[in-house]
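Chemist: quick one, fold the following:
(chains A, B and C)
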Amino acid sequence: MSKESLFESLNPQQREALLYTEGPLLILACAGSGKTKVIAHKYAHLVKSRKCSPNSILALTFTNKAANEMKNRISSLSARDVENAWIGTFHSQCNRLLRREIRPLGYRPDFSIYDEDDQHTLIRHILREFRFHEALFKGVAARIGSLKSSLIGPDEFLSTGDGFGFDEKLAKVYMRYQDDLKRCNALDFDDLIGLTVALFEKYPEVLGKYKGIFSYILIDEFQDTNRAQYRLLKLLGCGGNISVVGDDDQSIYRFRGADVNNVFRFEEDFPGTKIIRLEQNYRSTQNILNVASAVISRNPMRKPKKPWSGREGGDRVYHCWLSNENEEARHVAKSIKELYLKGAYEFKDFAVLYRVNVQSRAVEEALRDEGIPYHIVGGISFYQRKEIKDIVAYMRLVMNQSDNVSLRRIINCPPRGIGAATVSKVENEAKKKALSLFEVIKSTVKTGSVTSGVKERLEGFVKLVDRLASGKYRTVADMIQDILEVSGYRETIDEDRMQNISELIASSAETDIKDFVDRVSLFTSLDDSGSGESAVTLMTLHSAKGLEFPVVFIIGIEEGVLPYFKAMDSADEINEERRLFYVGMTRAKDVLWLTGAGKRRLYAKFQDQEASRFLADIPRQYCEWIEKIRVSTVPPPVRPRTDSKRPFFPYVAGCRVRHPKWGVGVVRDCYGDGDEQKVMVNFPSIGIKKLVLRFANLEKI
DNA sequence: AAAACTCCTCTTTTT
DNA sequence: GAGGAGTTTT
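Modeler: Purely as a prediction, here's the structure:
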């Protein structure tokens, strides 16, 4: 492709973004403004104009899907092989770098990568050993994860503790977790970023090497970076050879550590930053854009921007209030059918978006009743399935025999008579001698300090692993087949599970075994290839980011659902809910429906629902109200309620209370309502207690 | 080691 | 109201 045609399809701002290569550049890209296109074109331009040699541009995204899309675009623009280019997700490229450079940090290059599940297993194990709130493992993991994504180590965290015991214990768990990972020669997702940063900070010569390799840096979805990722960019991009593209209005992953403030910090940290705004929206009609803009403009702390659409007018945004969630779902299904029968749209042109996955149920039912094909995006990932994780654990243990988490997973799977008692014996031994579990097992087999039965079974296991480790497998398929046969795993699983394993094998093709394990670890969901049949898409608002559909329904726009009730007591979280709504609305090209229900069953109980506060921000002239239930029962879209109707708590997290028996403690959380109101209080003497407010007899101090 | 039972939780989830 | 996980039972 000629240089001219690289520009031809771009508007003036996009062109400017592409040509500005001499200093740090922040591209504020409104929804639907073609940001991915700009990055791909810029990459191609940098190579074409010989400003950068091929493979010297680091281009980072968040998802594998986005990375693949970028690779495809770039290779078709520049007719160049992108196999060895530094294009990929933050995690995959850090992994690539660490496989080469990690030694000085005390890990071996054959390290395992632990996903969230493995992380949970390990933390749970530690909590059990510490006899410390094992049930809270998820919360503890989340806490540790957020510390790690902010590059706060255990020691640093300890020094900021609240002095009430919990955080100190948490710091100990954190420290131990990090030690265990190292002992296992394993990295979790946060380590992939964090250790790359640590490497660069500790070893300037390594940083220098990579600054030499990367002559330019391109970042997509910049608003989703966390502190660690930002630090990485700062280290590598301080020379100013960096362009980042993002939209602060579309930051919806705060709960995962994403920090929108990076967008605001960028200008300060990269002096001389040029800002270019991509404000032309190529997706939605002006009406849809007006509605979305009206809602998002209520958020404080935004980068100012004026999105506009080349598509004047368009349908007004439809809004409809139904009596309950089934009526709502039926309404969605009927509307889809109606539009479909008019012939303007295929089923794949429709999307139904919701805040929480449970909302899909009613919609599924209604679509089935109408005979409308649909598919659901999200849910349990292929790679999270037990049988897949088991097989991968075998592979990991074979490649990294320090991997205790994988060993524990499969030592008795299939059952080979090595029970909990034996394992915990081995664990104690391992702790004493600072060896890995597998090493201890091997020496136990040699010295025979256990009963002959146990010894025999352990020996069988060692032989199994050794056999697999010495196997000269050409392909992933060979290795997995051997694992299935030799371990006896195959006999223990049913048809369905075997089917999944076959799929795993099929997906491996001719991939190198090590690359395959990395890929499996760094993938979350298998590309839903889809059956090819045209079908309505159902998914959460989060999953919808980056996509577009001609007709979009956003359902459950009610207080408690959107914004979700858990987010309602913090202004920051409300703002994020608003952004989520904004992301949803800006997915629509032609038609946007906003619906809600007056009654809804959430979990066990029915609830009366009020219209979402966000609806009150929509100017009436862009909207059309469709009356489905009697006007008297239609709740007008009111301003946000005062707190009077929300469950009221006499305490807030952080305040101190006195308990007649346990003395003074700190409130950590308040939840539930009515007679079920509960508080979680941390008492220094005994730790965390959950108390029913009615009975607790607490005194505020 | 499977089956039965009880208890708990229940937002979103790029890697 | 349902699914997951831990515990107890057989």
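
Chemist: use CA for all of it now, contacts and neighbours both
Modeler: Will do.

Chemist: so where's the stretch 351-500 of chain A shaky on pLDDT?
Modeler: Counting by pLDDT under 70, the stretch 351-500 of chain A contains low-confidence ranges at A:379-380.

Chemist: and it, which residues reach DNA strand B?
Modeler: Neighbours of DNA strand B within the stretch 351-500 of chain A, by C-alpha under 7 Å from any atom of the strand: A:355-358, A:378-379, A:412, A:415-419.

Chemist: what about the residues you listed, which one has the most neighbours?
Modeler: Counting neighbours by other C-alpha atoms under 10 Å, the top entry in those is A:Arg355, with 23 neighbours.

Chemist: pretty sure that one contacts A:Glu558?
Modeler: No - if you go by C-alpha atoms under 8 Å, A:Arg355 and A:Glu558 don't touch, sitting 10.3 Å apart.

Chemist: can you redo the residues of the stretch 351-500 of chain A next to DNA strand B as JSON lines with distance to A:Ala141 and secondary structure?
Modeler: Below are these laid out as JSON lines (distance: C-alpha to C-alpha, whole Å; DSSP: H, G, I helix; E, B strand; the rest coil):
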{"residue": "A:Arg355", "distance to A:Ala141": "24", "secondary structure": "coil"}
{"residue": "A:Val356", "distance to A:Ala141": "22", "secondary structure": "coil"}
{"residue": "A:Asn357", "distance to A:Ala141": "23", "secondary structure": "helix"}
{"residue": "A:Val358", "distance to A:Ala141": "24", "secondary structure": "helix"}
{"residue": "A:Gly378", "distance to A:Ala141": "22", "secondary structure": "coil"}
{"residue": "A:Gly379", "distance to A:Ala141": "21", "secondary structure": "coil"}
{"residue": "A:Asn412", "distance to A:Ala141": "26", "secondary structure": "coil"}
{"residue": "A:Pro415", "distance to A:Ala141": "29", "secondary structure": "coil"}
{"residue": "A:Arg416", "distance to A:Ala141": "31", "secondary structure": "coil"}
{"residue": "A:Gly417", "distance to A:Ala141": "31", "secondary structure": "coil"}
{"residue": "A:Ile418", "distance to A:Ala141": "28", "secondary structure": "coil"}
{"residue": "A:Gly419", "distance to A:Ala141": "27", "secondary structure": "coil"}
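
Chemist: can you pull the phi/psi pair for the nearest residue to A:His375 once chain neighbours are set aside?
Modeler: Closest residue to A:His375 apart from its sequence neighbours, by C-alpha to C-alpha, 6 or more residues apart in numbering: A:Thr537 at 5.3 Å. Here is the backbone geometry of A:Thr537 (degrees, to the nearest 10): phi -100, psi 130.

Chemist: ok, A:Thr537 touching A:Ser360?
Modeler: No - between A:Thr537 and A:Ser360 no contact is recorded; they are 10.5 Å apart, counting by C-alpha under 8 Å.

Chemist: hang on, the earlier thing: what residues are bridge-paired with the residue nearest to A:His375?
Modeler: Legend: beta-bridge partners of A:Thr537 under DSSP bridges are A:Ala351, A:His375.

Chemist: so where's chain A shaky on pLDDT?
Modeler: A:1-4, A:161-165, A:379-380, A:524-532, A:627-656, A:659-697, A:699-701.

Chemist: what residue of it is the furthest out?
Modeler: Largest separation from the mean C-alpha position in chain A: A:Ser452, at 47.7 Å (C-alpha atoms, centre = their mean).

Chemist: relative to DNA strand B, how far out is that residue?
Modeler: Going from A:Ser452 to DNA strand B by C-alpha to the nearest atom of the strand, to the nearest Å gives 17 Å.

Chemist: just A:Lys342 next, same as before
Modeler: 31 Å.

Chemist: what count of nearby residues applies to that residue?
Modeler: Neighbours of A:Lys342 using other C-alpha under 10 Å come to 9.

Chemist: near A:Ala420, how many other residues are there?
Modeler: Counted with other C-alpha under 10 Å, A:Ala420 comes out at 11.

Chemist: to clarify, my last question referred to A:Ser76.
Modeler: Using other C-alpha under 10 Å, A:Ser76 has 15 other residues around it.

Chemist: for the host helix or strand of it, name the packing helices and strands.
Modeler: Assigned by DSSP states H and E, A:Ser76 belongs to helix A:64-78. Counting contacts by 3 or more C-alpha pairs under 8 Å, 6 or more residues apart in numbering; DSSP states H and E, helix A:64-78 packs against helix A:35-48, strand A:86-89.

Chemist: nearest to DNA strand B, out of those?
Modeler: Ranking the helices and strands packed on helix A:64-78 by proximity to DNA strand B (C-alpha to the nearest atom of the strand) places strand A:86-89 first, at 6.0 Å.

Chemist: give me the next element, helix or strand, following the closest one.
Modeler: helix A:90-101.

Chemist: go through that following helix and flag the buried ones.
Modeler: For helix A:90-101, burial by neighbour count (16 or more other C-alpha atoms under 10 Å) applies to A:90-95, A:98, A:101.

Chemist: got it, and stretch A:330-343?
Modeler: By neighbour count on 16+ other C-alpha under 10 Å, the buried set for stretch A:330-343 is A:330-334, A:336-337, A:340.

Chemist: these in helices, which ones?
Modeler: A:330-334, A:336-337, A:340 (DSSP state H).

Chemist: tell me the phi and psi of the residue most central in space within chain A?
Modeler: Centroid-nearest residue in chain A: A:Arg256, 6.3 Å away (criterion: C-alpha atoms, centre = their mean). For A:Arg256, the backbone dihedrals are phi -100, psi 10 (criterion: degrees, to the nearest 10).

Chemist: look up the closest residue to it, ignoring the ones flanking it.
Modeler: Closest to A:Arg256 by C-alpha to C-alpha, 6+ apart is A:Ser146, at 7.4 Å.

Chemist: for A:Asp188, same thing?
Modeler: Per C-alpha to C-alpha, 6+ apart, closest to A:Asp188 is A:Tyr114, 4.7 Å.

Chemist: contacts only, for the residue of the stretch 1-150 of chain A found nearest DNA strand B.
Modeler: Nearest residue of the stretch 1-150 of chain A to DNA strand B (C-alpha to the nearest atom of the strand) works out as A:Thr63 at 3.2 Å. Listed by C-alpha atoms under 8 Å, 6 or more residues apart in numbering, the contact set of A:Thr63 reads A:Thr89.

Chemist: can you pull the phi/psi pair for it?
Modeler: Note on A:Thr63: its backbone torsions stand at phi -110, psi 150 [degrees, to the nearest 10].

Chemist: repeat that for A:Val197.
Modeler: phi -60, psi -50.

Chemist: counting neighbours, what do you get for it?
Modeler: 24.

Chemist: would you agree A:Tyr394 is in contact with A:Asp482?
Modeler: No - in this structure A:Tyr394 lies outside contact range of A:Asp482 using C-alpha under 8 Å: 10.8 Å.

Chemist: what comes into contact with the longest strand along chain A?
Modeler: Counting by DSSP state E, the longest strand found in chain A is strand A:588-602. Strand A:588-602 is contacted from outside by A:283-285, A:288, A:314-325, A:327-328, A:548-558, A:585, A:606-611, A:634-635, using C-alpha under 8 Å, 6+ apart.

Chemist: using ChimeraX, make a named selection holding only the buried ones among those residues.
Modeler: Entered in ChimeraX, the line below selects the buried ones among the contacts of strand A:588-602, by 16+ other C-alpha under 10 Å:
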select /A:283,284,285,288,316,317,318,319,320,321,322,323,324,325,327,328,548,549,550,551,552,553,554,555,556,557,558,585,609,610,611,634
